[in-house]
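Peer 1: Build the 3D model from these lines:
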Amino acid sequence: MGSLLDSYMTELRRGTLTLAVLSQLRTPQYGYSLVQLLEKASVTIDQSTLYPLLRRLEKQELVTSSWDTSESRPRKYYVLSDYGLEVYGQLKNEWKKMTDELTSLLEGDVNIESN
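Peer 2: Just a heads-up that it's a prediction; the model follows:
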């Protein structure tokens with residue numbers, strides 16, 4: 001039972017993490033600053049999950065990256081591209097719609113009648 005539940009939890013979390021990361025990239029962030037912002041919102045993300053996700057989002061052209069070498073330690077900053085901003089807006093709207101629908105179902109507001 002535990003491994004099945006873990007599998008479902010991982011599946012649920014995967015999509016929400018992408019949306020959470022996109023929500024914080026409207027302004028440029030580097031990896032550690034992104035982790036901190038997400039943790040403030042009680043969203044935990046492992047670096048071993050974050051960096052592959054950022055690379056995938058960059059490959060999909062949802063985010064762009066640039067290096068800041070003005071500090072002693074160079075940092076790679078990520079920010080939403082115009083396309084990423086558009087996709088984020090659509091995902092956010094879909095998330096809100098799905099959340100409302102699921103909330104109704106889970107609270108028993110929607111009754112399904114049999115034929």
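Peer 1: Tell me where this protein has strands.
Peer 2: According to DSSP state E, the chain carries its strands in the segments 29-30, 63-68, 75-80.
Peer 1: any chance of the ones you listed in JSON lines, with mean neighbour count and mean pLDDT too?
Peer 2: C-betas here are computed from N, CA, C, even on glycine. Below are those laid out as JSON lines (neighbours: other Cβ atoms under 10 Å; pLDDT from 0 to 100):
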{"stretch": "strand 29-30", "mean neighbour count": "19", "mean pLDDT": "96"}
{"stretch": "strand 63-68", "mean neighbour count": "15", "mean pLDDT": "97"}
{"stretch": "strand 75-80", "mean neighbour count": "18", "mean pLDDT": "97"}
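Peer 1: Just send the ones you listed back as a markdown table, with distance to Lys96 too.
Peer 2: Below are the strands of the chain laid out as a markdown table (distance: least, Cβ to Cβ, whole Å):
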| stretch | distance to Lys96 |
| --- | --- |
| strand 29-30 | 23 |
| strand 63-68 | 22 |
| strand 75-80 | 18 |
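Peer 1: helices and strands around the helix of greatest length in the chain, which ones?
Peer 2: Taking DSSP state H as the criterion, the chain has its longest helix at helix 82-106. In this structure, helix 82-106 makes packing contacts with helix 2-23, judged by 3 or more Cβ pairs under 8 Å, 6 or more residues apart in numbering; DSSP states H and E.
Peer 1: Could you pull out the buried residues of the helix it packs on?
Peer 2: Leu17, Thr18, Ala20, Val21, Leu22, Ser23 (16 or more other Cβ atoms under 10 Å).
Peer 1: quick one: the fourth one from Trp67, how far?
Peer 2: If I follow you right, that is Val21. Going from Val21 to Trp67 by Cβ to Cβ, to the nearest Å gives 19 Å.
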